[in-house]
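Undergrad: have a look at this prediction, sequence included:
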Amino acid sequence: MLIISLRLLTDFRFKLSMKSHLIESSIPQINGLLIIVIPLLLSFTIMGIAVLLTKLPQTIIMPYIGQHTMVIMYLHKVILDLCDLASIDNLVIEIIIAIIVPLMIVSALNVRRQKIYLQTT
């Protein structure tokens with residue numbers, strides 16, 4: 001929450017690219033501290049969200065999403081690019097579209113496979 005508040009309320013910028021060894025910050029005096037603190041905060045936040053998700057009652061949607069994470073992972077970038085081309089600027093809507101469209105594609109392919117299987121047997 002602190003990082004998001006700093007970003008929204010001030011000119012705070014931080015960029016860490018492990019692949020290209022790029023470190024950029026709007027506060028270069030504390031780059032070392034930011035390199036340690038920001039990845040840890042993000043990791044702990046993700047772990048906290050995962051713990052909270054385990055406390056939710058079991059529904060059919062979470063296991064279904066879990067079974068198809070690879071399809072979601074491979075298609076979400078393309079779908080988000082299409083959302084940008086369609087001028088969809090709402091982050092929540094983009095996330096929902098990036099999850100639901102791959103699930104719809106997988107469901108359609110499964111129905112098609114099942115029809116072909118039933119026709120051949």
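TA: That came through, no problem. Numbering: from 1, shown residues only.
Undergrad: got the CA positions of the helix or strand containing I65 in PDB?
TA: Using DSSP states H and E, I65 falls within helix 61-67. Taking Å, rounded to 0.1, in the frame of the first residue of the first chain, the C-alpha atoms of helix 61-67 are listed here in PDB:
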ATOM      1  CA  ILE A  61     -14.300 -21.000 -10.400                       C
ATOM      2  CA  MET A  62     -11.000 -21.100  -8.500                       C
ATOM      3  CA  PRO A  63     -10.200 -24.700  -9.300                       C
ATOM      4  CA  TYR A  64     -11.300 -24.200 -12.900                       C
ATOM      5  CA  ILE A  65      -8.900 -21.200 -13.200                       C
ATOM      6  CA  GLY A  66      -6.200 -23.200 -11.500                       C
ATOM      7  CA  GLN A  67      -6.500 -26.000 -14.100                       C
END
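Undergrad: which helix or strand contains I36?
TA: Per DSSP H and E: I36 is located in helix 31-55.
Undergrad: quick one: distance of that helix to the chain centre.
TA: Taking C-alpha atoms, centre = their mean, to the nearest Å, one finds helix 31-55 lying 14 Å from the centre of the chain it belongs to.
Undergrad: got the domain boundaries for this structure?
TA: 2-55, 61-120 (automatic domain parsing).
Undergrad: so which bits of the helix holding I36 are buried?
TA: L34 (16 or more other C-beta atoms under 10 Å). Where you see a C-beta, it was placed from the backbone N, CA and C, and this is true even at glycine.
Undergrad: that one - contacts with which helices or strands?
TA: Where contact means 3 or more C-beta pairs under 8 Å, 6 or more residues apart in numbering; DSSP states H and E, helix 31-55 is packed against helix 2-9, strand 14-17, strand 22-25.
Undergrad: list the buried residues for the host helix or strand of R112?
TA: Counting by DSSP H and E, the element that carries R112 is helix 91-120. Buried positions in helix 91-120, judged by neighbour count with 16+ other C-beta under 10 Å: 94, 97-99, 101-103, 106.
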